[in-house]
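In: Pasted the sequence and its predicted model underneath.
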Amino acid sequence: VSVAFERLRPAGPPVDARTHVESLTLVIPEARPRVLVNLVISADGHVAVDGRSAPLTDPGDRAMFHALRERVDAVMAGPATVATERYGRLIPDPDRRARRQATGREPEPLAVIASRSGELPLQVPLFDVPEARIVVFSPVAADQAEVAAQLHQEEYDSGVEGALAGALTTLRRRYGVQTLLCEGGPTLVGLLLAEQLVDDLFLTIAPKLIGNVSPAPVIGGPPLLEPAGLRLVDVLIREGTLFLRYVRTAAG
Ligand SMILES: NC(=O)c1ccc[n+]([C@@H]2O[C@H](COP(=O)([O-])OP(=O)(O)OC[C@H]3O[C@@H](n4cnc5c(N)ncnc54)[C@H](OP(=O)(O)O)[C@@H]3O)[C@@H](O)[C@H]2O)c1
């Protein structure tokens, strides 16, 4: 299913997610992969409803999500995200895998998880996929015997300054990773930002309000029973600032 995106800036004819993402010029840094972060947030800044991002996504967001996965050499997510979002095979669509192979890429990106505790969410389907290649940065060795996926263990000491930068350097040098997509969660994104390792932020702003769940968002007061729907009516861009006008709709 092709999902067309309107290009407001730079202005252009409508484009589908894959054409857009594949056309991006991504300059690769010297010593580490280029890091792309992709997040979907509500208009009041939340990343999840009851711990899941699904209520915030729509077909356009999903198309962008899959197009980004198709483009990159590695996909990184925090252990909490891998667990709560129940990560499975990174590229389930055989056509996408074939397209990657046709352009000299591995059929699927490397999966990357960093953890201080070494407690991996081994119960999620990703670890049952024999084709999955997973690099684990953790101080504790994961037990390969427990999973069908191909596990690669790398040393990791979160107490050391520049720990994630070191991990990214390892990904570049040892695994040839030139582009890495970080899919969250907020903790991992914050850790990457703190080490100035984020190059691109793909931010989808969903036309929904979640209400006052912890941590407090832009709006306060009692939590909403269900996400409130918004309709985006105006988009203006001035010197890199995006001005959005939303109209509240009756139901989410
Ligand atoms: N809207 C979106 O686009 C989006 C995207 C992703 C996730 N989410 C949502 O975000 C929530 C999860 O986000 P989160 O921020 O709680 O979790 P997260 O970033 O996925 O993972 C947090 C985990 O990272 C590990 N960690 C902490 N410090 C570390 C360090 N210095 N080095 C390496 N690992 C470290 C910790 O596990 P250890 O104890 O094992 O170290 C911690 O529990 C979920 O509700 C998910 O649905 C939304």
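Out: That came through, no problem.
In: if I pick the closest residue to the ligand within the stretch 1-150 of the chain, what's in contact with it?
Out: In the stretch 1-150 of the chain, the residue that lies nearest the ligand is Gly78 (2.3 Å; CB to the nearest ligand atom). Bear in mind the C-beta positions are built from the backbone N, C-alpha and C, glycine included. By CB atoms under 8 Å, 6 or more residues apart in numbering, the contact set of Gly78 is 113-114, 184-185, 187-188.
In: try it again with 6 Å
Out: 185, 187-188 (CB atoms under 6 Å, 6 or more residues apart in numbering).
In: Kindly report the same for Leu201.
Out: By CB under 6 Å, 6+ apart, the contact set of Leu201 is Val37.
In: sec struct for it, please.
Out: Under DSSP: H, G, I helix; E, B strand; the rest coil, Leu201 falls in the strand class.
In: what's the answer for the one 4 residues further on, then?
Out: The three-state label for Ile205, taken from three-state DSSP, comes out as strand.
In: Over to Ala167?
Out: Classification of Ala167 using three-state DSSP returns helix.
In: re the thing from before, any chance of CSV for the contacts of Gly78, columns pLDDT?
Out: CSV is the format used below for these (pLDDT from 0 to 100):
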residue, pLDDT
Gly185, 91
Thr187, 92
Leu188, 93
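In: and the ligand, which of these contact it?
Out: Among the contacts of Gly78, the ones lying near the ligand by CB under 6 Å from any ligand atom are 185, 187-188.
In: Low-confidence stretches in the protein?
Out: Counting by pLDDT under 70, the low-confidence segments of the chain come to 1-2, 216, 238-240, 242, 250-252.
In: which residues sit in contact with the closest residue to Ala206 other than its chain neighbours?
Out: Closest residue to Ala206 apart from its sequence neighbours, by CB to CB, 6 or more residues apart in numbering: Leu56 at 4.4 Å. Leu56 makes contact with 40, 42, 206 under the criterion CB under 6 Å, 6+ apart.
In: how about a cut-off of 8 Å?
Out: With contacts defined as CB under 8 Å, 6+ apart, Leu56 is in contact with 40-42, 46-49, 204, 206, 208, 227.
In: and what of Pro125?
Out: By CB under 8 Å, 6+ apart, the contact set of Pro125 is 86-89.
In: Phi, psi for it please.
Out: Note on Pro125: backbone dihedrals following degrees, to the nearest 10 are phi -60, psi -30.
In: before we move on, back to that, list just the nearest of the ones next to the ligand among the contacts of Gly78 to the ligand.
Out: Checking the ones next to the ligand among the contacts of Gly78 against the ligand with CB to the nearest ligand atom, the nearest one is Gly185 at 2.1 Å.
In: returning to what we had before: in helices only, show me the ones next to the ligand among the contacts of Gly78.
Out: With helices taken from DSSP state H, the overlap with the ones next to the ligand among the contacts of Gly78 comprises 187-188.
In: Near the ligand, which residues of the stretch 1-150 of the chain? Just list them.
Out: Counting by CB under 6 Å from any ligand atom, the residues of the stretch 1-150 of the chain close to the ligand are 39-40, 47-48, 51-53, 56, 77-81, 84-85, 114-117, 119.
In: Going by neighbour count, which of those residues are buried?
Out: Buried members of these, counted by 16 or more other CB atoms under 10 Å: 39-40, 47-48, 53, 56, 77-81, 84-85, 114-115.
In: Now the residue nearest the centre of the chain. Its backbone dihedrals?
Out: The centre of the chain sits closest to Glu183, judged by CA atoms, centre = their mean, with a distance of 1.7 Å. When read as degrees, to the nearest 10, the backbone of Glu183 gives phi -100, psi 20.
In: Next, the contact list for it, please.
Out: Here Glu183 is in contact with 37-39, 65, 75-77, 81 (CB under 8 Å, 6+ apart).
In: so what does the longest strand along the chain touch, helix or strand wise?
Out: Scanning the chain for the longest strand, with DSSP state E as the assignment, gives strand 223-238. Packed against strand 223-238 by the contact rule (3 or more CB pairs under 8 Å, 6 or more residues apart in numbering; DSSP states H and E) you find strand 208-211, strand 241-248.
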